[in-house]
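1. Quick one, structure for this:
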Amino acid sequence: MESIKTQDIANILGSNVQNVDIQLDKFSTFALDYRLLTEVEEKKTISKIHGQLEQPGLTVSGKNDPTRWEVGWEEILQSLEEKPFRPELLRPQYFKYDILRLQNKFIKASNIDFEYNFFSLLRKIILKKFLSPYSQIIEFGCGTGGNLYALRNLFPKASLTGCDWTKSSLKILDIISQNVCKKIEGKRFNMLTLEGNENIKLNQDTAIITIHSMEQLGSSFLPILDYLVSQKPGLVFHLEPILELYDSENPFDTLAIKYHKKKNYLNGYLPTLEELEQKKYIQIIEKRRFYFGNLFEEQYSLVIWKPKR
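-> Predicted coordinates for the structure are as follows:
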């Protein structure tokens, strides 16, 4: 077994060991152990991915689907209503793989919690690094509220708002608010149609974040992008699968590209941002691929930008 060490995390994030050490604290007890797949295991894994790609009924993004998100978040809500509050109950159901992608290789994680624990650690480090200056943080597509719970612990004095189009998500935020030091406000907002945007106020002290939610827009991202450029928040932070950061000449990446396109995940967003930057409408602060993901794709690429004033 190998283990992800502080230096590995620093390399992945483009940070230094000292900054990573500062943020590790409670995560230091998590075992991030793994091994590389054997040749036989890798062949079986690739075959499994091809099998998934050939499924005709694979759900795709780019539209509001209440059978997926309202029902999925309702399951989380029921657990929160039936059990004493624990942040672990906010964990989305899609963290379920023990074969993952790391540094252009398939790995076998020591336990099923590996991805969620590693994501939680990366999330803490990069949110702390980029969002500290902002007094208001708004998450679009907040889902189970897990990111906002993490933000409340990182920034106890900040004003936090979670926006989602599902009723279950906003009810989850109410429960979280009962268990944190300062309320997290919830607002109904549809990222595809912009319905509800009149209730959201942005300014230069506002940071907008999306984590695994912009992916669901497919190529229908122009309305929300135009909205963000025009409203001029202080920062826009995305942790999403970014198609254009894959290497199309690499067979390992080719599988992820096929899966990304099959699912109709975010497509064309980064090139559009780069075009806006050339036209001096925005400034791109960071674009980084972390070379980490689940069995099928890398949903942890970082893109940060801000509108020019």
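2. Report the distance from stretch 95-105 to the chain centre.
-> The chain centre lies 15 Å from the centre of stretch 95-105; the measure is CA atoms, centre = their mean, to the nearest Å.
3. measure that stretch end to end?
-> End-to-end distance of stretch 95-105 (CA to CA, to the nearest Å): 19 Å.
4. how about that stretch: buried residues?
-> 98-102 (16 or more other CB atoms under 10 Å). Bear in mind the C-beta positions are built from the backbone N, C-alpha and C, glycine included.
5. quick check, nearest of those to T210?
-> R101 (21.0 Å; CB to CB).
6. where does the closest one land on pLDDT?
-> You'll see R101 listed with a pLDDT of 97.
7. Disregarding flanking residues, what is the spatial nearest neighbour of the most centrally placed residue in the chain?
-> With distances taken as CA atoms, centre = their mean, I211 lies nearest the centre of the chain, 2.7 Å away. Spatially, and ignoring its direct neighbours in sequence, I211 is nearest to L239 (4.6 Å; CB to CB, 6 or more residues apart in numbering).
8. Quick one: neighbours of that neighbour, just the number.
-> 25 (other CB atoms under 10 Å).
9. repeat for E198
-> For E198, the neighbour count with other CB under 10 Å is 8.
10. and what of Y246?
-> Y246 - counted by other CB under 10 Å - has 20 other residues nearby.
11. That one contacts I257, doesn't it?
-> Yes: contact between Y246 and I257 holds when scored by CB atoms under 8 Å: they sit 5.2 Å apart.
12. Out of the buried residues of stretch 95-105, which sit inside strands?
-> Here DSSP state E is the test, and the buried residues of stretch 95-105 give 99-102 as lying in strands.
13. Next up, the contacts around R35.
-> For R35, the contact set (CB atoms under 8 Å, 6 or more residues apart in numbering) comprises 1-2, 107-108.
14. How about the secondary structure of it?
-> Three-state call for R35 (DSSP: H, G, I helix; E, B strand; the rest coil): strand.
15. which residues of the chain fall in strands?
-> Taking DSSP E as the criterion, the chain carries its strands at 2-3, 33-36, 99-102, 105-109, 136-140, 159-164, 184-188, 206-211, 235-240, 282-289, 292-293, 301-307.
16. any chance of these in CSV, plus distance to V60?
-> Shown next, in CSV, are those (distance: least, CB to CB, whole Å):
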stretch, distance to V60
strand 2-3, 35
strand 33-36, 30
strand 99-102, 21
strand 105-109, 24
strand 136-140, 20
strand 159-164, 20
strand 184-188, 24
strand 206-211, 19
strand 235-240, 16
strand 282-289, 23
strand 292-293, 19
strand 301-307, 20
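17. Compare the ones you listed and give me the one nearest I9.
-> Comparing the strands of the chain by CB to CB, strand 292-293 comes nearest, at 10.2 Å.
18. so what strands line up beside the closest one?
-> strand 99-102 (antiparallel) (DSSP bridges).
19. Any buried residues in stretch 268-284, and which?
-> By 16+ other CB under 10 Å, the buried positions in stretch 268-284 come out as 269-270, 273, 276, 282.
20. can you check stretch 1-17 too?
-> Quick answer for stretch 1-17 (16+ other CB under 10 Å): 4, 9-10, 12-13.
21. just stretch 284-291 next, same as before
-> Judged by neighbour count (16+ other CB under 10 Å), stretch 284-291 contains these buried residues: 287-291.
22. before we move on, the earlier item: of the contacts of R35, closest to L148?
-> Among those, and counting by CB to CB, the member closest to L148 is I107, at 29.7 Å.
23. What is the neighbour count of Q93?
-> For Q93, the count of nearby residues is 10 (other CB under 10 Å).
24. Tally up the residues packed near the nearest residue to it once chain neighbours are set aside, please.
-> Excluding its sequence neighbours, the residue lying closest to Q93 (CB to CB, 6+ apart) is G72, at 6.3 Å. Using other CB under 10 Å, the number of residues around G72 comes to 20.
25. cool, and the one 10 residues further on?
-> E82 has 8 neighbours, counted by other CB under 10 Å.
26. need the contact list for E74.
-> E74 neighbours (CB under 8 Å, 6+ apart): S168.
27. And the residue of the chain positioned farthest from its centre, what's its pLDDT?
-> Here the chain reaches farthest from its C-alpha mean at V40, the gap being 31.4 Å by CA atoms, centre = their mean. On pLDDT, V40 comes in at 97.
28. separation between it and F296?
-> 20 Å (CB to CB, to the nearest Å).
29. quick one: the residue lying closest to L90 once chain neighbours are set aside from M214, how far?
-> Spatially, and ignoring its direct neighbours in sequence, L90 is nearest to G146 (3.8 Å; CB to CB, 6+ apart). Noted for G146: a distance of 17 Å to M214, by CB to CB.
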